[in-house]
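Asker: make a model of this:
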Amino acid sequence: MRKTGFLIATSAGFAAAAVPGAQAADMPIKAPRYLEQPASWAGWYIGAHAGAAWQQSQATDYGLSFSKTTFIGGGQIGYNWQHGNFVFGLESDISGLAGKNTLGTYEFESSIRWLSTTRARFGLAVGDTMAYMTAGLAVGGVKNSFAGEYSQTKTKVGWTVGGGVEHMLNRNWTIGLEGLFVDLGRSNLNVKTTNLRFQNTAVIGRLKLNYKF
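Answerer: Below is the predicted model:
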């Protein structure tokens, strides 16, 4: 009887060892490690911006050039598509500009009062930061005057180009710096028998804060 019991116990031990995973099945299974999802730039966003605009004007018939740095502030809305590290987007904004660009005792004035742009963006995202180039249409309200007596306000259509860097603070908020060059073309002002021509351009630097949906 003792030999029989010993043989049965020994056979059972060999059988358990021969079956793969027989003991492993009784061990606790570890939970899979959580992998954080990569940052996504895709989707709608809305935000605000503020900065400085270096307005440059030329009274071409007089061979005069004058400039002034003014405040710019406003808001923007846009949408991004993302494929891997590449980000494509469209953005529209509208801004108000404070201050006047004048020469002399208000003898010449040529200022951009408000500005709106609609631009395409192409960016390269590395982690939470994206660098991008942008270009598109610019529309602005321009005021040209001479000697305080002859004045004209027009809505001008031109173009803009620039670039920027944007950083994702968290899933919803981003912050960025952007630089733009804007050219609103020439405007004509009739002064008696003389036709004055003004050229309006601006270099803009602004800080942007966006909320991404």
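
Asker: buried residues in stretch 202-213?
Answerer: 202, 203, 204, 205, 206, 208, 210, 212 (16 or more other CB atoms under 10 Å). The C-beta positions use only the backbone N, C-alpha and C, and glycine is treated the same way.

Asker: got the residue ranges for the strands in this structure?
Answerer: Here the chain has its strands, by DSSP state E, at 43-59, 64-83, 86-97, 102-103, 108-126, 129-146, 150-168, 173-191, 194-212.

Asker: residue contacts, the residue lying closest to residue 57 once chain neighbours are set aside?
Answerer: Leaving aside its chain neighbours, residue 57 sits nearest to residue 110 (3.6 Å; criterion: CB to CB, 6 or more residues apart in numbering). Counting by CB atoms under 8 Å, 6 or more residues apart in numbering, residue 110 makes contact with 57, 58, 59, 66, 101, 142, 143, 144, 145, 187, 198, 200.

Asker: repeat that for 7 Å
Answerer: By CB atoms under 7 Å, 6 or more residues apart in numbering, the contact set of residue 110 is 57, 101, 144, 198, 200.

Asker: just to revisit the earlier point, least reliable of the strands of the chain going by mean pLDDT?
Answerer: Note on the strands of the chain: lowest mean pLDDT is at strand 102-103, with a mean of 88.

Asker: list the pairing partners of that strand within its sheet, with orientation.
Answerer: strand 108-126 (antiparallel) (DSSP bridges).

Asker: how far out from the middle of the chain is the strand it pairs with?
Answerer: The chain centroid and the centroid of strand 108-126 are separated by 11 Å under CA atoms, centre = their mean, to the nearest Å.

Asker: thanks again, I'm all set now.
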